[in-house]
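Participant: Give me a model of this one.
(one chain, ligands or ions: 1)
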Amino acid sequence: MNKPQRDITLRFLAEPQDVNFGGKVHGGAVMKWIDLAAYACAAGWSGKYCVTAYAGGIRFVAPIHVGSLVEVEAKVIYTGTSSMHIALEVVACDPKSLNRRLTTHCIVIMVAMDENGQKVEIPTWTPKTDKDKAQHKTAVKLMEMRKKIGEEMEIFVE
Ligand SMILES: CC(C)(COP(=O)(O)OP(=O)(O)OC[C@H]1O[C@@H](n2cnc3c(N)ncnc32)[C@H](O)[C@@H]1OP(=O)(O)O)[C@@H](O)C(=O)NCCC(=O)NCCS
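Facilitator: From the prediction side, this is the model:
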């Protein structure tokens, strides 16, 4: 396997097929791009097929216009035994002005699988810069918070 790759950026134009009833890009289309980027990032880190275990904290900051140049940036911020926590940002701009702005951000957790569909160990990512260390620490804190939210949400599961 090649050296694990920590981050990846998908880059493409928002197409007319992605439009919602208000003329902007559909939130569902943005979520699909996020899932694709998270998969590519997790596969690049682990060298394995991966599945989405969790997606959350999604914040749609600004709309994306059809015809925009979209960049979906994904990077590993924490690794467990089989899981990779991935921070994602979607930035967009008019391809003529290249004035990039943040439109969406969230966290996705992917789990690496072996050929038999069983979770499998992945390489450990160790934060090095101060920013990486701070994001890693926050990822750990979020895990604790997610546990509490999960328990509260049990009430909605029939
Ligand atoms: C994700 C999945 C493999 C986890 O299986 P599981 O039997 O719950 O396995 P575990 O509880 O041992 O969890 C495996 C890892 O996933 C993490 N995980 C599982 N559910 C999670 C959740 N809801 N939120 C965050 N992390 C989660 C665990 O913390 C663990 O991480 P670690 O190995 O780094 O410690 C399983 O729930 C699944 O197959 N879900 C469906 C996936 C899917 O279809 N996705 C959409 C299409 S790709």
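
Participant: In the protein, which residue sits closest to the ligand?
Facilitator: Gly80 (2.1 Å; C-beta to the nearest ligand atom). For glycine as for every other residue, the C-beta is placed from the backbone atoms N, C-alpha and C.

Participant: Phi, psi for that residue please.
Facilitator: Dihedral pair for Gly80: phi -100, psi -140, per degrees, to the nearest 10.

Participant: before we move on, what about the one 10 residues further on?
Facilitator: Here is the backbone geometry of Val90 (degrees, to the nearest 10): phi -110, psi 120.

Participant: Correct me if wrong: Ala40 contacts Thr9.
Facilitator: No - at 9.5 Å, Ala40 does not count as touching Thr9 under the criterion of C-beta atoms under 8 Å.

Participant: Compare neighbour counts for these two and give me the winner.
Facilitator: Comparing Ala40 with Thr9 by neighbour count (other C-beta atoms under 10 Å), the higher total belongs to Ala40, at 18 against 14.

Participant: hang on, the more buried one in a strand?
Facilitator: No - in this structure, Ala40 is helix, not part of a strand, as judged by DSSP: H, G, I helix; E, B strand; the rest coil.
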